[in-house]
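Asker: Turn this into a structure:
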Amino acid sequence: MTAAPAAAVATCDLGPATERQVAVDLVRRGLLAAPAALAIGGLAWGWDGVASIGLAAALVLANFWASAALLAWAARISFGLVMGVALFGFLVRLALVSAVVLALEDQPWVRPVPLAVTLVVSHLGLLAWETRYVSASLAFPGLHPGPRPTTEKE
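Answerer: From the prediction side, this is the model:
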């Protein structure tokens, strides 16, 4: 009786880092939406609102960027590590965001309402916005390809 040949099983992802591609797109969209949010904060709370919304937006964009960097790093090592990094990385990043907010909550320029609303709305809003552009197919992992350029014969 001979041993069956070992099946080729992927243990890590050596393809392009689609996590970074999605994170770059999230950050780009966040920077597009930031001026409107800052203007609303300025109109409603003055310079303190602008500073609070700017802090929250920076925390959100840094959170998405750190998530992508950690997942891309873990995918190169093993899929099991990706699962651990996804779960525990989320908990650590959530704790870091909370620590920053708690450390700065007593500052005179921090307004809790715009800070909290921006943290929640921008996280959920950017993720919802991004779902329209993410492709889950094996042919185009990451983002959907852009529209095909048209030629005059078409």
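Asker: residue closest to the middle of this structure?
Answerer: Closest to where the C-alpha atoms of the chain average out (Cα atoms, centre = their mean) is Phe64, at 2.7 Å.
Asker: ok, now which ones touch that residue?
Answerer: The contact partners of Phe64, by Cβ atoms under 8 Å, 6 or more residues apart in numbering, come to 23, 26-27, 30, 126. In short, each C-beta sits where N, CA and C put it, glycine included.
Asker: Averaged pLDDT, the helix or strand hosting it. What do you get?
Answerer: Secondary structure assignment for Phe64, by DSSP states H and E: helix 18-75. Averaged over helix 18-75, pLDDT sits at 94.
Asker: again, but for stretch 125-145
Answerer: Averaged across stretch 125-145, pLDDT comes to 73.
Asker: Could you tell me whether Thr11 really is in a strand?
Answerer: No. Thr11 is assigned coil when assessed by DSSP: H, G, I helix; E, B strand; the rest coil, not a strand.
Asker: Leaving out chain neighbours, which residue sits closest to it?
Answerer: Leaving aside its sequence neighbours, Thr11 sits nearest to Ser78 (Cβ to Cβ, 6 or more residues apart in numbering; 5.6 Å).
Asker: and Gln107, how many neighbours does it have?
Answerer: The tally of other residues near Gln107 (other Cβ atoms under 10 Å) stands at 12.
Asker: Is it in a helix, a strand, or coil?
Answerer: coil.
Asker: The one 10 residues further on too?
Answerer: In three-state terms, and counting by three-state DSSP, Val117 is helix.
Asker: okay, now it: neighbour count?
Answerer: Neighbours of Val117 using other Cβ under 10 Å come to 17.
Asker: so how far is His123 from the residue nearest to the centre of the chain?
Answerer: 8 Å (Cβ to Cβ, to the nearest Å).
Asker: same thing with Gly30?
Answerer: 10 Å.
Asker: Show me which of these two is the more surrounded one.
Answerer: Each of Gly30 and His123 has its neighbours counted (other Cβ under 10 Å); Gly30 has more, 22 against 17.
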